[in-house]
Structure formats: C-alpha cells, structure tokens
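Q: give me a 3D structure for the following:
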Amino acid sequence: MIDTSDNRTTTPAQHEPTLKFRLGALGAAVPLTFFVGWAIITSVLGLSSEIGLVMGALFGLTLGLLFCKSRWENYAQGLFDGMAQPIGVIAVVAWFYAGMLAQVLQTGGLVEGLVWLGGISGASGGVFVGLTFVLAAVFSTAVGTGYGTTVAFSTLMYPAGVALGCDPVVLFGAILAGAIFGDNLAPVSDTTIVSATTQDADVPGVVRSRFKYSIMAAVPSLVLFVLLGNASGSVEGNDAALEAMMAQTDPTGLLMLVPFALVLLLALRGHHLITSLTWGIVLASVVIVVAGLAAPGDIMAFDPESDSVVTGALVDGVSGYVNMAILILLIVATAHLLRLGGTMDAVTRAMMRWIGDSVRRAELAIWGIVALLNSAITINTAAEIAAAPFVRELGRKYRIHRYRRANMLDAVTSALGYIFPWGAPVLLGWATITTMQEQYDWLPIVAPTEVFPFVFHGWCLLLIMLFAAATGWGLHFEDPDEAEAGVTAR
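A: Modelled structure (predicted):
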C-alpha cells in the first residue's frame, strides 16, 4: 500500500541547491506556463492530443533552461530528480495495470452484456435514459476509463435509446454523466490514481472517502434523466435497427462483472492496488478462456508479422497509457522545478495573504485552481496533473487531509472534463455519434454545445464540492488537533 505517513511530507527540494532564474519565481514558472498556453491554443484549434501535450511539455522545459541563471547541469539534474519522484512513477505503473484490466474486461464483452441487460429490461424513453446512466456508471467504474465508456455507449446504447423513444440530447448527457461517475470513483481510473498519488494518499482510502460525494451527485442526476429523457418527437424506421443491435449483444459478457467485483473488494479491503489489479486480470483472463468469450490470443499473442510483434488486450492496455505516462513524468518534473525556483512558495504566499487562517478560503482556492486549469486543458488527466502540485502545497500548508485534497482535485477534474463543449470526451462522443449516422441514417447528431447543460452528474458533483469547500462540510485535518493549533475552518 502507498505509504501515507507524515514523515514523507519533507520534499527533496529542501536538500537540493535552489535554482536561480531570470525574472525570479516568474522565470521558474515558464515551463508550466508555456505548457498550459500550448494546451489552450491546441485545444482552441482542435489539435489537442496526448503526444501533442507531451511535445508542449518538452518545449516548455527546454525554454525554461534558457531562463535558468544557475548552471545548466543543475537545471538538468533538477529535471531528472523531479521525474524520479515516487509520485509520477507510482501513477505510471498503476496506469499500466489498470489499462490491462480495462482492455481484458472489454475483450470479454462487458459492454455488450450491459447493453443486452438494458435491451431486455423493456425500458423506453426516460426510464431507458436512466438505465443508460446506471449501466454507463457501472461500466466506467469497472474499467476505469470514461473515454472508453463514452465511445462504447455512444456506439451501442445511443442508437438503441433513440430507437426506444429517448431524447437524444438527454441520452448523450446520460452517457457522459455515467462516464464521469466511474472516472471519479473507480479505483482503477487514471484520475483516481493521479489524485491519490499526487496527494500522498492510498487509492482504497480515497475511494472510500469519496463514495458519499459520488452517490449524492448520482441520485438527483438519475431522477432528472428519468424525468427529462422522453423524446418530444419520433424516429421512423428504427425497429429493424434496434433488433439488429440486440442481435449483436451477448449476455455472457456479464461474467466480467465477477473480476471487477473482486478488484473492488480487494482494493476496498486495503490490499495494494497492483495486487488487486493483478488478481482481477488473472481471473478475467481465465473466465474469458473457460467461457469461450474470446480466444487466448485476444488476451496476448506473439505475431511476427505485426509491427508490435506482441498483440492483444494486455498490450493495448499498456500502450494506451504510454503517452500519458511520459506526460505525467514531465509535468511532475516541471512542478519540481517550480519548487526549486521558488515559484511554488511565491504563489502559496500570495494566496495565503488572501486566505489568512481560513481553511474554507484555502479550499475555495483549491477548487478555483482545479476548475481554471480544467477549463483550459481539454484532457482531464493532464489538467489534474498540472493542478496537483498547487493543491498539494496549499493542502499541506493548512493541514487539509490528503483524502480531502484528492477528492477535491478529482471531483472537479472529472466533472468539468465532460461538461465543456471543447472537452476531449465530449468531442469524442460527438465524433462517435457522427460516425454511427453512416450506419443509421435516421440517427440524430447532438452537438457538443447542446449537451453540456444535461450532463447532470457533472454539474451536481461540481456544486457539491463547491458547497463542501464553502461550508467545510466533510472537512478533516491531517492532525485531529489541528483546529486547536491556530487554523480555523471559517
């Protein structure tokens, strides 16, 4: 399990030479500032991608070298020391294992099994929209990928729901909302892993502590989806398409819920995340082969004619996170340079002049920082990585519990990533629906600017965390006696 003892709060920067930059603390912020600007510009131009963000981080770090007044080898050493920090390495390894589990569950047909479950329920209209939200939430919690949930459910559940009399806009909102639920809560989610590791917290403890926020946002969202999900008009010629879609589903894919339940049980009982994921991967692979859900080669195989030589779900699970793994190491290194150059201290001191001794203001500042970066950077994990150092620094100054910091960081990130029309998952879902219209010419296309008011779970989660920050609801300190040590919760 990740060590969360307080003796880890001393940063390596306290034992390393301080770097001097032209323009002082502002010069040390050049790498991160360039990266954020690069992310905003590429997003506005519709050119945002993971490898593009990696290049932006590399260009920013190179530009920072030119602003460094200290010996360049000291700058380079600070960069390498930052990349070697456990925060980034833990996240990368956890991502690889989580990615393998996600791909194995999808290979076993989990999404097809959930669609089959929705089809035989006899639900239609608003009830089907509500069911879509629930199933998308279950799927995203199982596989830990909101992006994969958006694609899978936009491909299958969206056309099926429209054929059953669902409002297309609200149905698309339910798919995005279900993706948010799992992205925020799943132990194997990339945002969960990043939010926990960057705040020196253990993943199982973080998941247990945030469950109440997720459920409080999910219940009213479900009610709204059911009430508003009925279509105002009808779509012609969809009965045959609905039958064809149902013919492609297979209930045996629901067997994949067993390894998912095992991972969840082990993680919540305190087992190390890697241990939990390993057992989930092993059990899922055995079930797939024994039940005949896929061939062993679909899990992993050697193919000399393939470009990668090794193929299968396990390989896809790892390769899907390679670019993001590089990005988090670069951003962690950038944050380390901020500390060496004094930027982190300068920003923290400036905020503390407004915050004073009020923890509520500190949490409002954290909420605002995370929201601001997520409004600019369209890939939510990248935004979370960029915001994490500021959240950690402010949280440690005011002794805000690491679970609380991780929850504030993850909830706001997960919510806004699926709300803004320019967000990557929203555009991904829109592109998937557009592609599906080639197969079903009667299928309406929902524009990203139409759906954002109806992503109810995201809005509810965002407002719940703002309420928690403003009122101190659910606030805990690292030290139970902290409130008596001069820090107030006003």
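
Q: helices and strands of the chain: which one bottoms out on pLDDT?
A: Sorting the helices and strands of the chain by mean pLDDT, DSSP states H and E puts helix 239-247 at the bottom, at a mean of 63.

Q: mind saving the C-alpha coords of the helix or strand just after that one as PDB?
A: Downstream of helix 239-247, the first helix or strand assigned by DSSP states H and E is helix 257-268. In PDB, the C-alpha atoms belonging to helix 257-268 read as follows (Å, rounded to 0.1, in the frame of the first residue of the first chain):
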ATOM      1  CA  LEU A 257     -18.600  -8.300 -13.500                       C
ATOM      2  CA  VAL A 258     -17.100 -11.000 -11.300                       C
ATOM      3  CA  PRO A 259     -13.400 -10.000 -11.800                       C
ATOM      4  CA  PHE A 260     -14.500  -6.400 -11.500                       C
ATOM      5  CA  ALA A 261     -16.200  -7.100  -8.200                       C
ATOM      6  CA  LEU A 262     -13.000  -9.000  -7.000                       C
ATOM      7  CA  VAL A 263     -10.800  -6.000  -7.800                       C
ATOM      8  CA  LEU A 264     -13.200  -3.600  -6.000                       C
ATOM      9  CA  LEU A 265     -13.400  -5.900  -2.900                       C
ATOM     10  CA  LEU A 266      -9.700  -6.400  -2.600                       C
ATOM     11  CA  ALA A 267      -8.900  -2.700  -3.100                       C
ATOM     12  CA  LEU A 268     -11.500  -1.500  -0.600                       C
END
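
Q: please shift the residue numbers so they start at 45 in all later answers.
A: Got it, the first residue is 45 from now on, which makes the last one we talked about helix 301-312.

Q: so Ala390 sits right up against Ala69, yeah?
A: Yes. Ala390 is within contact range of Ala69, at 4.0 Å (criterion: C-beta atoms under 8 Å). All C-beta spots, glycine's among them, are computed from the backbone N, C-alpha and C.

Q: what's near enough to touch the spatially most central residue of the chain?
A: The residue lying closest to the centre of the chain (C-alpha atoms, centre = their mean) is Thr235, at 3.3 Å. For Thr235, the contact set (C-beta atoms under 8 Å, 6 or more residues apart in numbering) comprises Asp227, Asn228, Asn424, Thr425, Glu428, Asp454, Thr457, Ser458.

Q: wasn't it part of a helix?
A: Yes. Counting by DSSP: H, G, I helix; E, B strand; the rest coil, Thr235 is part of a helix.

Q: so how far is Thr77 from it?
A: Here Thr235 is placed at a distance of 23 Å from Thr77 (C-beta to C-beta, to the nearest Å).

Q: okay, now the unreliable bits of the stretch 295-444 of the chain?
A: For the stretch 295-444 of the chain, the stretches flagged by pLDDT under 70 are 311-312, 314, 317, 388, 392, 420-423.

Q: in it, which spans are strands?
A: 345-346, 354-355 (DSSP state E, counting those that start in this stretch).

Q: can you say which of those strands is packed in most?
A: Most buried of the strands of the stretch 295-444 of the chain, by mean neighbour count (mean count of other C-beta atoms under 10 Å): strand 354-355, with a mean of 16.

Q: where do the contact lists of Ala390 and Ala69 overlap?
A: Common neighbours of Ala390 and Ala69 are not found (criterion: C-beta under 8 Å, 6+ apart).

Q: tell me the contacts of Ile444?
A: Applying C-beta under 8 Å, 6+ apart, we find Ile444 in contact with Val403, Ala406, Glu407, Ile410, Leu438, Leu519, His520, Phe521, Glu522.

Q: out of the residues you listed, which sit inside helices?
A: Judged by DSSP state H, those include Val403, Ala406, Glu407, Ile410, Leu438 as members of helices.

Q: surely the first one touches Gly516?
A: Yes. With contact defined as C-beta under 8 Å, Val403 reaches Gly516; the gap is 7.0 Å.

Q: who has more neighbours, those two?
A: Val403 (24 against 15; other C-beta atoms under 10 Å).

Q: and the more buried one, how far from Ile444?
A: 7 Å.

Q: kindly report the same for Ser352.
A: Counting by C-beta to C-beta, the gap from Ser352 to Ile444 is 44 Å.

Q: thinking again about what came up before, now the contacts of Ile444 as a markdown table including distance to Pro212?
A: A markdown table is the format used below for these (distance: C-beta to C-beta, whole Å):
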| residue | distance to Pro212 |
| --- | --- |
| Val403 | 44 |
| Ala406 | 42 |
| Glu407 | 38 |
| Ile410 | 36 |
| Leu438 | 42 |
| Leu519 | 41 |
| His520 | 42 |
| Phe521 | 47 |
| Glu522 | 47 |
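
Q: if any of these are buried, put those into a ChimeraX selection.
A: The ChimeraX command for the buried members of these (criterion: 16 or more other C-beta atoms under 10 Å) is given here:
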select :403,406,407,410,438,519,521,522
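
Q: what's the closest non-adjacent residue to Phe521?
A: Sequence neighbours aside, Arg443 is the residue nearest to Phe521 in space, at 4.9 Å (criterion: C-beta to C-beta, 6 or more residues apart in numbering).

Q: and Ser354, how far is that from Tyr141?
A: If you look again at residue 354, you'll see it is Val, not Ser. Using C-beta to C-beta, Val354 is found at 17 Å from Tyr141.

Q: in the helix or strand harbouring Ile84, what's buried?
A: Element membership for Ile84 (DSSP H and E) is helix 74-88. Using 16+ other C-beta under 10 Å as the test for burial, helix 74-88 gives Val74, Pro75, Leu76, Thr77, Phe78, Phe79, Val80, Trp82, Ala83, Ile84, Thr86, Ser87.

Q: mind putting the residues you listed into CSV with pLDDT and distance to Ile508?
A: Shown next, in CSV, are the buried residues of helix 74-88 (pLDDT from 0 to 100; distance: C-beta to C-beta, whole Å):
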residue, pLDDT, distance to Ile508
Val74, 88, 36
Pro75, 88, 34
Leu76, 81, 29
Thr77, 84, 31
Phe78, 88, 34
Phe79, 82, 30
Val80, 77, 27
Trp82, 84, 32
Ala83, 75, 27
Ile84, 73, 27
Thr86, 78, 31
Ser87, 66, 27
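
Q: could those residues go into a markdown table alongside distance to Val98?
A: Formatted as a markdown table, those follow (distance: C-beta to C-beta, whole Å):
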| residue | distance to Val98 |
| --- | --- |
| Val74 | 18 |
| Pro75 | 13 |
| Leu76 | 14 |
| Thr77 | 17 |
| Phe78 | 13 |
| Phe79 | 10 |
| Val80 | 14 |
| Trp82 | 10 |
| Ala83 | 11 |
| Ile84 | 16 |
| Thr86 | 12 |
| Ser87 | 15 |
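
Q: in the top helix by length along the chain, what counts as buried?
A: With secondary structure taken from DSSP H, the chain has its longest helix at helix 247-272. Residues of helix 247-272 classed as buried: 247-251, 253-254, 257-258, 261-262, 265-266, 268-270, 272 (neighbour count, 16+ other C-beta under 10 Å).
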